[in-house]
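S.K.: What would the 3D arrangement of this be:
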Amino acid sequence: MHYILINVVYKALLCRRTVKIDDSISFSCTMITKMNSIYENDENNINNTNNLDTMLSATIHQYQNPLVLQQTPKPKIIHGEQVLVKVGATGLCHSDLHLVNGDWKKSIPLQLPKIPGHEIAGWIEEIGDSVPEGLLQKGDMVAVFGGWGCGICIQCKNGNEQLCSYTKWPGITVDGGFSEYILVESYRFLIKIEDDGDKSKLSVEELAPLTDAGLTPYRAIKKIRQMLGPGKVIAIMGIGGLGYYAVQYAKILGQTSNIIAFDRQDEKLQLAETAGADVTINTSAYEKQNIKEQVLTATNGRGVDIVIDCVGTESTVYNSIRLLNKGGVLVLVGLFGNQITLPLVPSVINEYSIIGSLWGNYNELREVIDLAKNKIIKHSIQKFPLNRINEVISLLKEGKIIGRAIIVP
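M.R.: Alright, predicted model coming up:
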């Protein structure tokens, strides 16, 4: 009898119907769904253990491998300035792809395993006892500023903590936002989003990409805004997460400058038009020489005064230099390539200027957030759950993300 009972229970657990021994004893197969769910989670490297001391994270374990979705220890505050933030949204950037692929392992070696994700917004979960009283409280929406400087060097004292030689970067040198929580080193790296009413309300998904995609081109265009004005031409190379915002800043700060947008995809160029581009050029449709001819036609033979390169490959830099007028400026923002080659003689005799622009500082991020709250800049985002992050990385590699992909835990 025991053998028969055990055998029937075993069959009941495997089947999808009720198995009867007699009229008084039956076994339902309701457990099968739970069992399948467990196996599916194992296949996706997810451990759904409901433990208050752990959190779901997407982690780099080996370069050039998919991120591992797993339960990791929930961070704990260990000194008074630290703040624990419940992540609401994190933008997926091409820099994350470089980190996962190990493209930067010589210049930015990671201590693996590492949780990537540096465009982060969320809500205050817990604060250290050195945070000034009344400054922050649980539930406040915050943006996480990316450059965690030392606070005492010249760059930090000048307000450019992202240029500090000792900067820590969330999602790069310390664990980042592709997780349910992030431990922020100090309250000084958080910007609280005040509730000024429905008209200025930002969603956490809109806020997250402002910390890099929105911030980086803003700083770049501020560097050359004195060159903009009536009759001037500014070109934005690459209409991805950064380029979409760059077109808008060129419109806002450009003082009626003409804006040309370059990309390899018509769908992204259409997005640039909605952001204010006067002319769009698909670079995949022309040879290098023809690109210049298209620009000369669009500018009545004038050419371009400023190029903001949001891609940063050898090809885009080559095209950018060839498009510049005498005295023109190329601002390098994108980090897609590894090195660039510049033509020496034309660069000298035409007095080209080449400027690097890294991220942005804390006050500039405040300015960007203010623009967003006042609905002066728009957003183009696609939201995905954290458990689909490897799929979204593939979509970004294939150029199928229009605007910014936002990962929501």
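S.K.: can you list the domains in this protein?
M.R.: Domain segmentation of the chain under automatic domain parsing yields 2-43, 54-212+361-408, 215-356.
S.K.: Out of these, which gets the lowest mean score?
M.R.: Looking over those, mean pLDDT reaches its minimum on domain 2-43, with a mean of 35.
S.K.: sorry, back to before: save the domains of the chain as JSON lines, and put in mean neighbour count too.
M.R.: C-beta coordinates here come from the backbone N, C-alpha and C atoms, glycine included. Output for the domains of the chain, formatted as JSON lines (neighbours: other CB atoms under 10 Å):
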{"stretch": "domain 2-43", "mean neighbour count": "11"}
{"stretch": "domain 54-212+361-408", "mean neighbour count": "18"}
{"stretch": "domain 215-356", "mean neighbour count": "19"}
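S.K.: Report the separation between Glu194 and Ile393.
M.R.: Glu194 sits 34 Å away from Ile393, going by CB to CB, to the nearest Å.
S.K.: meant to ask about Ser353, not that
M.R.: Per CB to CB, Ser353 is found 36 Å from Ile393.
S.K.: what ranges do the helices span in the stretch 51-200 of the chain?
M.R.: Along the stretch 51-200 of the chain, the segments classed as helices by DSSP state H, counting those that start in this stretch run 94-101, 154-157.
S.K.: Next: the stretch 251-400 of the chain.
M.R.: Secondary structure of the stretch 251-400 of the chain by DSSP H, counting those that start in this stretch: the helices cover 266-275, 288-298, 314-323, 344-349, 362-373, 389-397.
S.K.: Which one, of those, ends up nearest to Ile108?
M.R.: When these are compared for distance to Ile108 using CB to CB, the nearest one is helix 389-397, at 18.3 Å.
S.K.: Only alpha carbons, please: show that closest one as PDB.
M.R.: Taking C-alpha atoms only, helix 389-397 is exported to PDB below (Å, rounded to 0.1, in the frame of the first residue of the first chain):
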ATOM      1  CA  ILE A 389      18.400  43.100 -19.300                       C
ATOM      2  CA  ASN A 390      20.400  40.700 -21.500                       C
ATOM      3  CA  GLU A 391      17.800  40.900 -24.200                       C
ATOM      4  CA  VAL A 392      17.900  44.700 -24.000                       C
ATOM      5  CA  ILE A 393      21.700  44.700 -24.300                       C
ATOM      6  CA  SER A 394      21.300  42.800 -27.500                       C
ATOM      7  CA  LEU A 395      18.700  45.200 -28.800                       C
ATOM      8  CA  LEU A 396      21.100  48.100 -28.100                       C
ATOM      9  CA  LYS A 397      24.000  46.400 -29.800                       C
END
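S.K.: Which elements pack onto it?
M.R.: Packed against helix 389-397, as judged by 3 or more CB pairs under 8 Å, 6 or more residues apart in numbering; DSSP states H and E, are the following elements: strand 83-92, helix 94-101, strand 404-408.
S.K.: okay, the angle between that helix and strand 83-92?
M.R.: Helix 389-397 runs at 40 degrees relative to strand 83-92, counting by axes from the mean of the first three to the mean of the last three CA atoms, to 10 degrees.
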